[in-house]
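Peer 1: show me how the following folds:
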Amino acid sequence: MIDNLYVAIHNVTGIQKIKEAVQVLMGFGIKTVIISKAVGSAAMQGVPQVQKLIFKEGKNLLYVEDIPDMIELLVPDEIYVIAPQPYAKHKFDPDDLVQKLNEQKKVVLLFGGSEPGLSKLELQYGIDTYLEVPADIGTIGTAAIILYQLYQRL
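Peer 2: Here you go, the predicted structure:
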(Lines give C-alpha, C1' and ligand atoms only; values in the text may rest on other atoms or scores of the structure.)
Protein backbone atom coordinates (compact mmCIF):
# COMPACT_ATOMS: atom_id res chain seq x y z
CA MET A 1 0.00 0.00 0.00
CA ILE A 2 2.21 2.82 1.25
CA ASP A 3 5.43 2.86 3.26
CA ASN A 4 4.44 5.45 5.85
CA LEU A 5 1.25 3.68 7.01
CA TYR A 6 1.65 1.34 9.98
CA VAL A 7 -1.04 -0.81 11.55
CA ALA A 8 -0.90 -1.85 15.20
CA ILE A 9 -2.91 -4.49 17.03
CA HIS A 10 -2.88 -3.93 20.77
CA ASN A 11 -3.81 -6.34 23.56
CA VAL A 12 -4.60 -9.41 21.51
CA THR A 13 -5.10 -12.73 23.31
CA GLY A 14 -6.15 -15.36 20.76
CA ILE A 15 -4.12 -17.15 18.10
CA GLN A 16 -6.92 -17.12 15.53
CA LYS A 17 -7.64 -13.42 15.99
CA ILE A 18 -4.03 -12.44 15.46
CA LYS A 19 -3.76 -14.67 12.38
CA GLU A 20 -6.96 -13.32 10.83
CA ALA A 21 -5.97 -9.72 11.52
CA VAL A 22 -2.55 -10.20 9.92
CA GLN A 23 -4.15 -11.92 6.92
CA VAL A 24 -6.31 -8.83 6.33
CA LEU A 25 -3.31 -6.51 6.75
CA MET A 26 -1.17 -8.53 4.34
CA GLY A 27 -4.06 -8.59 1.86
CA PHE A 28 -4.05 -4.81 1.76
CA GLY A 29 -0.28 -4.62 1.38
CA ILE A 30 0.56 -3.22 4.81
CA LYS A 31 4.36 -3.26 4.95
CA THR A 32 4.82 -3.02 8.72
CA VAL A 33 2.56 -4.70 11.26
CA ILE A 34 2.92 -3.84 14.93
CA ILE A 35 1.78 -6.17 17.67
CA SER A 36 1.62 -4.57 21.08
CA LYS A 37 0.91 -6.34 24.35
CA ALA A 38 0.07 -9.79 23.00
CA VAL A 39 -0.81 -12.10 25.88
CA GLY A 40 -1.55 -15.76 26.44
CA SER A 41 -1.73 -17.99 23.38
CA ALA A 42 -1.39 -14.99 21.06
CA ALA A 43 2.03 -14.24 22.52
CA MET A 44 3.20 -17.83 22.83
CA GLN A 45 2.02 -19.23 19.50
CA GLY A 46 0.28 -16.51 17.51
CA VAL A 47 3.15 -14.07 17.19
CA PRO A 48 5.66 -16.71 15.99
CA GLN A 49 3.12 -17.98 13.45
CA VAL A 50 2.32 -14.56 12.01
CA GLN A 51 5.98 -13.57 12.10
CA LYS A 52 6.70 -16.42 9.71
CA LEU A 53 3.84 -15.36 7.42
CA ILE A 54 4.90 -11.71 7.46
CA PHE A 55 8.54 -12.62 6.79
CA LYS A 56 7.55 -14.82 3.83
CA GLU A 57 5.65 -11.85 2.37
CA GLY A 58 8.78 -9.68 2.64
CA LYS A 59 7.08 -7.43 5.18
CA ASN A 60 8.04 -6.23 8.67
CA LEU A 61 6.82 -7.10 12.14
CA LEU A 62 7.42 -4.90 15.16
CA TYR A 63 6.54 -6.73 18.38
CA VAL A 64 6.52 -4.48 21.44
CA GLU A 65 5.53 -4.72 25.07
CA ASP A 66 3.12 -1.76 25.06
CA ILE A 67 1.99 1.32 23.12
CA PRO A 68 4.66 3.70 24.54
CA ASP A 69 7.35 1.36 23.18
CA MET A 70 5.81 1.56 19.71
CA ILE A 71 5.71 5.36 19.93
CA GLU A 72 9.34 5.51 21.10
CA LEU A 73 10.57 3.32 18.25
CA LEU A 74 8.46 4.66 15.36
CA VAL A 75 7.99 8.31 16.41
CA PRO A 76 4.79 8.63 14.36
CA ASP A 77 3.39 11.97 13.26
CA GLU A 78 -0.19 10.79 13.83
CA ILE A 79 -1.85 7.89 15.64
CA TYR A 80 -5.45 7.05 14.92
CA VAL A 81 -6.78 5.01 17.84
CA ILE A 82 -9.70 3.09 16.37
CA ALA A 83 -12.57 2.25 18.73
CA PRO A 84 -16.33 1.87 18.43
CA GLN A 85 -18.78 4.60 19.27
CA PRO A 86 -19.37 6.02 21.90
CA TYR A 87 -15.79 5.48 23.14
CA ALA A 88 -14.22 7.32 20.21
CA LYS A 89 -15.29 10.87 19.45
CA HIS A 90 -13.99 11.53 15.92
CA LYS A 91 -15.55 10.01 12.80
CA PHE A 92 -13.02 8.32 10.52
CA ASP A 93 -12.29 10.45 7.45
CA PRO A 94 -10.33 8.48 4.85
CA ASP A 95 -9.62 11.61 2.78
CA ASP A 96 -7.96 13.31 5.74
CA LEU A 97 -5.77 10.27 6.34
CA VAL A 98 -4.83 9.99 2.66
CA GLN A 99 -3.82 13.67 2.68
CA LYS A 100 -1.51 13.06 5.66
CA LEU A 101 0.01 10.02 3.97
CA ASN A 102 0.56 12.00 0.76
CA GLU A 103 2.33 14.66 2.85
CA GLN A 104 4.71 11.83 3.88
CA LYS A 105 3.55 11.88 7.49
CA LYS A 106 4.18 8.67 9.42
CA VAL A 107 0.73 7.40 10.46
CA VAL A 108 -0.25 4.53 12.76
CA LEU A 109 -3.69 2.95 12.84
CA LEU A 110 -4.06 1.40 16.29
CA PHE A 111 -6.72 -1.27 16.84
CA GLY A 112 -7.69 -3.05 20.03
CA GLY A 113 -7.26 -6.79 19.70
CA SER A 114 -9.55 -7.97 22.50
CA GLU A 115 -12.96 -7.16 23.86
CA PRO A 116 -13.93 -4.65 25.10
CA GLY A 117 -11.19 -2.94 23.10
CA LEU A 118 -9.00 -0.09 24.27
CA SER A 119 -9.07 1.59 27.68
CA LYS A 120 -9.66 5.31 28.22
CA LEU A 121 -5.93 5.73 28.81
CA GLU A 122 -5.06 3.91 25.57
CA LEU A 123 -7.52 6.08 23.63
CA GLN A 124 -5.45 9.10 24.67
CA TYR A 125 -2.38 7.96 22.72
CA GLY A 126 -3.80 9.47 19.54
CA ILE A 127 -6.92 10.68 17.78
CA ASP A 128 -9.77 8.55 19.12
CA THR A 129 -11.55 7.57 15.92
CA TYR A 130 -14.61 5.53 15.06
CA LEU A 131 -15.84 4.00 11.83
CA GLU A 132 -19.45 4.92 11.18
CA VAL A 133 -21.29 1.59 11.00
CA PRO A 134 -24.66 0.54 12.46
CA ALA A 135 -23.08 -1.47 15.29
CA ASP A 136 -19.67 -2.65 16.52
CA ILE A 137 -18.30 -5.06 13.89
CA GLY A 138 -15.10 -5.94 15.73
CA THR A 139 -11.46 -5.29 15.04
CA ILE A 140 -11.05 -7.34 11.88
CA GLY A 141 -14.18 -6.01 10.19
CA THR A 142 -13.32 -2.43 11.12
CA ALA A 143 -9.73 -2.78 9.90
CA ALA A 144 -10.89 -4.31 6.61
CA ILE A 145 -13.33 -1.48 5.90
CA ILE A 146 -10.88 1.27 6.83
CA LEU A 147 -8.10 -0.26 4.74
CA TYR A 148 -10.46 -0.75 1.81
CA GLN A 149 -11.47 2.91 1.96
CA LEU A 150 -7.79 3.88 1.92
CA TYR A 151 -7.03 1.38 -0.87
CA GLN A 152 -9.70 3.02 -3.05
CA ARG A 153 -8.10 6.43 -2.59
CA LEU A 154 -4.40 5.60 -2.94
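Peer 1: what does whichever strand or helix holds A144 rub up against?
Peer 2: For A144, the element it lies in under DSSP states H and E is helix 138-153. With contacts defined as C-beta atoms under 8 Å, 6 or more residues apart in numbering, helix 138-153 is touched by 1, 5, 7, 9, 17, 20-21, 24-25, 28, 30, 82, 84, 92, 94-95, 97-98, 101, 109, 111-113, 117, 131, 133, 137. Backbone N, C-alpha and C define where each C-beta goes, glycine included.
Peer 1: so S36 makes contact with Y6?
Peer 2: No - contact criterion C-beta atoms under 8 Å: S36 and Y6 do not qualify, at 11.2 Å.
Peer 1: could I get the full set of helices for this protein?
Peer 2: With DSSP state H as the criterion, the chain has helices at 15-27, 41, 47-56, 67-74, 94-102, 120-123, 138-153.
Peer 1: out of those helices, which gets nearest to A88?
Peer 2: helix 120-123 (6.9 Å; C-beta to C-beta).
Peer 1: what residues of that closest one count as buried?
Peer 2: For helix 120-123, burial by neighbour count (16 or more other C-beta atoms under 10 Å) applies to 122-123.
Peer 1: stretch 79-99 now?
Peer 2: 79-84, 87-88, 92, 94, 97-98.
Peer 1: now stretch 29-44
Peer 2: 30-38, 41-43.
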